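Student: pasting the structure only:
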């Protein structure tokens, strides 16, 4: 049996290219969604530990764009861009994420869902879908899972939860 995905099995192919992070936040989904879409709130929490963030542009609508810089503790500048594809208020964001250059070969699809629970908590699910299995492996090797979990922890602190 081959482990190579076939064009007739997109589910397996997507799973092999995907990174999924989940966090339960003790906050209503409207507040969690706002943290992702309000330019004044976004950079207060976005990015792993030791990183700062500066928004250059944030136009949250299908066809809109967010351009922002992240600076690591050692001063390294990382330009970032979200190209928004789908916005469902308080439910879902779909965007392409990469560096702030056109035709970035490292760009990947991000789907963020905000699932409200009966107890007022929100299940935040972040799905990264990379163009290739190799690119997924490279970002995992770089630390994408740990850095993403740090970012979710910063979001929890921003929302006043832990």
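Tutor: Cool, the structure landed. Since the structure is predicted, the reported quantities are computational estimates derived from the model, not experimental observations.
Student: how many other residues sit next to the residue nearest to residue 27 when sequence neighbours are not counted?
Tutor: Once flanking residues are discounted, residue 27 sits nearest to residue 159: 4.3 Å by C-beta to C-beta, 6 or more residues apart in numbering. Where C-beta positions appear, they are placed from N, C-alpha and C, glycine not excepted. Other residues within reach of residue 159 by the criterion other C-beta atoms under 10 Å amount to 19.
Student: hmm, residue 159 is touching residue 35, no?
Tutor: Yes. Contact between residue 159 and residue 35 holds when scored by C-beta atoms under 8 Å: they sit 6.5 Å apart.
Student: list the residues that contact the residue nearest to residue 27.
Tutor: Contacts here follow C-beta atoms under 8 Å, 6 or more residues apart in numbering; on that basis residue 159 touches 25-27, 31-32, 35.
Student: apply 10 Å and report the result again.
Tutor: Contacts here follow C-beta atoms under 10 Å, 6 or more residues apart in numbering; on that basis residue 159 touches 25-28, 31-32, 34-35, 41, 45, 122.
Student: helix or strand right after the longest strand anywhere in the chain?
Tutor: Longest strand in the chain, counting residues (DSSP state E): strand 77-88. Using DSSP states H and E, the helix or strand that directly follows strand 77-88 along the chain is strand 92-98.
Student: can you list the strands that that following strand pairs with?
Tutor: Strand 92-98 has these partner strands in its sheet, going by DSSP bridges: strand 77-88 (antiparallel), strand 108-116 (antiparallel).
Student: contacts for it, please.
Tutor: 33, 36-37, 60, 62, 64-66, 79-88, 104-115, 125-129.
Student: buried ones among these?
Tutor: Among those, those classed as buried by 16 or more other C-beta atoms under 10 Å are 33, 36-37, 60, 65-66, 80-84, 87, 107-114, 126-129.
Student: worst-scoring helix or strand of this structure, pLDDT-wise?
Tutor: Comparing every helix and strand of the chain by mean pLDDT, DSSP states H and E singles out helix 10-15 as the least confident one, with a mean of 64.
Student: which ones among the contacts of residue 159 lie within helices?
Tutor: Among the contacts of residue 159, the members found in helices (DSSP state H) are 31-32, 34-35, 41, 45.
Student: just the buried residues of the top helix by length along the chain, please?
Tutor: Of all the segments assigned as helix in the chain under DSSP H, the longest by residue count is helix 144-158. By neighbour count, and taking 16+ other C-beta under 10 Å as the criterion, the buried residues in helix 144-158 are 144, 148, 150-152, 154-156, 158.
Student: done for today, thanks.
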